[in-house]
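A.B. asks: Quick one: sequence plus predicted model below, questions after.
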Number of protein chains: 2
Amino acid sequence: MAAALDNDDLDAILLGDDDNAAAFLRLLPHPADIVEILRAVDLRHWPRLLRLVFDEGERAETVTLLDEGERQALLSLLSSEEIGQLVKNLETDDATDVLEDLSPRDQAEALQSLLPADRERVEELLRFDPDTAGGLMQIERAQVKITATVQDAIDCVRALVEDDIGVHVVYVVDEEERLIGTVELSRLVLTKPDRLIADLVEAPLVKVMPDTDQEQVARIFKKYGIYSLPVVDKESRLLGRIVHDDVIDVVVEEAEEDALKQAGTSAEELLYRDQVFPVARIRLPWLIVTLMGSLVSGLLIHAFQHVLREALVLASFVPVITAMGGNVGTQSATILTRGLATGRVHIAEVPRILLRELRVGLVMGLVCGIGVGIIATFFFGETSPMLGLVVCVSMIGAMMTAATVGTLAPATMMRFGVDPAIASGPFVTTANDSIGIVIYMSTAIFFLQHLPHAAP
Amino acid sequence: MAAALDNDDLDAILLGDDDNAAAFLRLLPHPADIVEILRAVDLRHWPRLLRLVFDEGERAETVTLLDEGERQALLSLLSSEEIGQLVKNLETDDATDVLEDLSPRDQAEALQSLLPADRERVEELLRFDPDTAGGLMQIERAQVKITATVQDAIDCVRALVEDDIGVHVVYVVDEEERLIGTVELSRLVLTKPDRLIADLVEAPLVKVMPDTDQEQVARIFKKYGIYSLPVVDKESRLLGRIVHDDVIDVVVEEAEEDALKQAGTSAEELLYRDQVFPVARIRLPWLIVTLMGSLVSGLLIHAFQHVLREALVLASFVPVITAMGGNVGTQSATILTRGLATGRVHIAEVPRILLRELRVGLVMGLVCGIGVGIIATFFFGETSPMLGLVVCVSMIGAMMTAATVGTLAPATMMRFGVDPAIASGPFVTTANDSIGIVIYMSTAIFFLQHLPHAAP
């Protein structure tokens, strides 16, 4: 919708007269379209536009379709009565998502607006970490005892469908609520109502505990191509289910967060559109940290200035050595980080990977080092006969060290519970800049000292 | 499973006696588990292990669960009879995925192994680009005419369930096969078999044409949280459906590909595990391109060596200026690339974003430039009174230019049909290195010339 209208037209409608804006919002076929419209205007207009959405259910769903950062920012602009109204119209998992963004006081107030039964369920869900299976699951599901008939299961589905809750599978439990298996809706359709559910039940392919990390949940959905996933407690009692659409959100948002984190920013800045200072404030801390790192490189150059003074031509190859070290390190770090993130690589395999990266670094260092060495000799060979050799040897050294740093940095971060996505960004690059300079200058000194009269 | 066993144990079982390996593979509950096992050993063992999978259907499904690069590599090791056997056991979309990786001759041979009706459907699907809705869709679906009864729809579901094809929705079409709407299975369960389907049908929330890009398809699934998406032709005739699990694959694999592409490598290298030369061969082309870029930086340093000779202390701040330019450029490029990839930002908004990035660059440049300027003055102020000013001014200039390059590079690549993910990698960094050096050296010359006796 947003793309069909000119941005200025859209601003005129949305930021002008309330009646016009409300009429426009009513034309949108789905709350997801309202989300797109909100994203086209500044955050400060969101509460007003949201209030203009006529249908309460639609208004509540709009809020759940926002990304986490957007939702947090919006909620901070709403009154606790308004939040209470929203929460009342949501399914348990979505209500929990909204409530966990609130301060304890606002949360308690909003909880009061729920019916006692719902409140209890939501309070239960609030106890789980939002980034785990428990945080993703919803309590609503079709569930029958193993002694039930197909008709019982159909009645259970009816109750959910009347509440507009999607059902594709009926969970079957024993007397103690322990999960026995599932029955696909397509099986129910094909079976006579007086048959026993026990004749149809299939063992669940996979189930998870509530403390399973959300990335692990996403991997399970991808691995098995499933539609929903039951969450059970230690005694195998069914607690809830995770549905595929929440998992797509997790996958997309994690990929987004990783990409932004590597560049030293976060999804938060997307909220600020054209506001310069908040965006700069989000990006600066990380820039300042990398600035410190680059000052170390500068300090090293300063420490080696006597070498440069003797052979200024060395300075020309500093950017070449540091750039290649940075790039090789980024490659190694990215390969390992992605492997760890997708579960393809286990932390125990790091020694094997390090060995491979070192060997790959050696091969690539030989190719690049010999190439650059020839170039250096061709251009500066007459005045600086050793320059080619110094550049070649230090390039190989710098690239092998860079591969080592690129592999060890994310592995170490992971050990200490830091997200390794940060490591494949400029931290590795900055570290490799400094290391490259030391290797390059030391190599130059070695050749200067050991081969006098052959200064590079 | 793979994690529960030691890697050496696993190797011993899988690479040893055929009977042991076959018995082990039979213990695995799902083809997705076989995929994990394959990934733990080198590619050259895959054909043998696959032949040891007893059940034909399971063997075929294993192949469909591989990533695209893995599947291509495996197929190149199988005979055309073996591929024909696999394809026979697959649903249309999966058969198409396998066939489109083959050479025209192998493809024609494998097509012969299909039943004529299936062959026709698969040949139809092969005409679509694999990265579009047409390439993702499957032909199998529950479909009834608008004049049908609920019982007709149930019979249609039965036929699919007997073929083990997942159904959650029945598509309703008119006499010309044009899509009218859908009926959820949960509605079918709750309705008497003699009712007309016309009473239950709901208009489809969203549908796509077969040439819709797969990233757009993924966005639609995320936006609406849907389970499946109908694909229609220009006359609105239903062609097939895309199901959620194929979309999760797209999202995960695109995120993976983007991350690897930014670091100048590709998912292909994951196939080679510990083989050094193939991995180096994949990473080298891009390294050599960035090497050329860094040589330009070196050349620039060389061109400005008379400035350095006059004030060698300038050399110490070269890595600081280039590192900060690179980092700011990466931030700008990442923000724009992610915005374009998620559809949050439209290419028409680039001028607005450029303006914001310039202003953000200015603010961050002021903070970092003044900070580094003070540091430079503190340490070198006595001997080089102007150094702080030179560093400060050129830092601001370099950071603003870097923000510009970081914004324009992905936008330009997008215009010319190149994936902008490449731009936020070291191409931007390398370009900004050179630009930073020119700005820094020019600033130094300016102050050297215009303020004589105040050399930095």
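C.D. replies: Good, I have the coordinates.

A.B. asks: how far does stretch A:433-443 sit from the chain's center?
C.D. replies: 35 Å (Cα atoms, centre = their mean, to the nearest Å).

A.B. asks: Now residue A:242, what are its backbone angles?
C.D. replies: Main-chain dihedrals, residue A:242, degrees, to the nearest 10: phi -110, psi 130.

A.B. asks: dump the residue contacts of it.
C.D. replies: Residue A:242 is in contact with A:133, A:136-138, A:208, A:217, A:228-229, A:231, counting by Cβ atoms under 8 Å, 6 or more residues apart in numbering or on different chains. Where C-beta positions appear, they are placed from N, C-alpha and C, glycine not excepted.

A.B. asks: Report the central residue of chain A.
C.D. replies: By Cα atoms, centre = their mean, chain A has its centre lying nearest to residue A:254, at 1.8 Å.

A.B. asks: Between helix B:244-262 and the host helix or strand of that residue, find me the angle.
C.D. replies: Per DSSP states H and E: residue A:254 is located in helix A:244-262. For helix A:244-262 against helix B:244-262, the angle by axes from the mean of the first three to the mean of the last three Cα atoms, to 10 degrees is 10 degrees.

A.B. asks: Is the next helix or strand after helix A:244-262 in proximity to chain B?
C.D. replies: Once the chain leaves helix A:244-262, the next helix or strand it forms, by DSSP H and E, is helix A:276-303. Yes. Applying Cβ under 8 Å from any Cβ of the partner chain, one finds helix A:276-303 touching chain B at A:276-277, A:279-280, A:283-284, A:287-288, A:290-291, A:293-295, A:297-299, A:301-302.

A.B. asks: Mark which of those are buried, thanks.
C.D. replies: Among the residues of helix A:276-303 next to chain B, those buried by neighbour count (16 or more other Cβ atoms under 10 Å in any protein chain shown) are A:276, A:279-280, A:283-284, A:287-288, A:290-291, A:293-295, A:297-299, A:301-302.

A.B. asks: Quick check, the residue in the stretch 1-150 of chain A closest to chain B?
C.D. replies: Using Cβ to the nearest Cβ, residue A:32 is the residue of the stretch 1-150 of chain A that sits closest to chain B, at 4.4 Å.

A.B. asks: residue contacts, that residue?
C.D. replies: With contact set as Cβ under 8 Å, 6+ apart, residue A:32 has these partners: A:65, B:223-225.

A.B. asks: what's the answer for residue A:237, then?
C.D. replies: A:173, A:176-179.

A.B. asks: Then residue A:288?
C.D. replies: Neighbour list for residue A:288: B:367-368, B:371 [criterion: Cβ under 8 Å, 6+ apart].

A.B. asks: ok, which of those residues also contact chain A?
C.D. replies: Okay, of the contacts of residue A:288 touching chain A (Cβ under 8 Å from any Cβ), that's B:367-368, B:371.

A.B. asks: Dump those residues to CSV, plus neighbour count, pLDDT and secondary structure.
C.D. replies: Shown next, in CSV, are the ones next to chain A among the contacts of residue A:288 (neighbours: other Cβ atoms under 10 Å in any protein chain shown; pLDDT from 0 to 100; DSSP: H, G, I helix; E, B strand; the rest coil):
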residue, neighbour count, pLDDT, secondary structure
B:367, 19, 96, helix
B:368, 26, 96, helix
B:371, 16, 96, helix
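
A.B. asks: from what I can see residue A:102 touches residue A:110, true?
C.D. replies: Yes. Counting by Cβ atoms under 8 Å, residue A:102 touches residue A:110, with 6.4 Å between them.

A.B. asks: Overlap in contacts, these two.
C.D. replies: In contact with both residue A:102 and residue A:110: residue A:83, using Cβ under 8 Å, 6+ apart.

A.B. asks: For PyMOL, what selects the buried ones among the contacts of residue A:237?
C.D. replies: Of the contacts of residue A:237, the buried ones go into a single PyMOL selection, burial set by 16+ other Cβ under 10 Å:
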select buried, chain A and resi 173+177+179
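
A.B. asks: Check the contacts of residue A:237 and tell me the two furthest apart.
C.D. replies: Within these, A:176 and A:179 form the most distant pair, 10.3 Å apart (Cβ to Cβ).

A.B. asks: Which stretches in the stretch 1-150 of chain A count as helices?
C.D. replies: A:7-15, A:18-27, A:31-39, A:46-52, A:56-65, A:68-75, A:80-88, A:92-99, A:104-112, A:116-126, A:133-136, A:150-162 (DSSP state H, counting those that start in this stretch).

A.B. asks: tell me the most buried of the ones you listed?
C.D. replies: helix A:133-136 (a mean of 26; mean count of other Cβ atoms under 10 Å in any protein chain shown).

A.B. asks: Can I get it in CSV? Just the C-alpha atoms.
C.D. replies: Provided in CSV are the C-alpha atoms of helix A:133-136 (Å, rounded to 0.1, in the frame of the first residue of the first chain):
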residue,chain,number,x,y,z
ALA,A,133,11.1,-21.7,23.8
GLY,A,134,9.2,-20.7,26.9
GLY,A,135,9.2,-17.1,25.7
LEU,A,136,8.0,-18.0,22.2
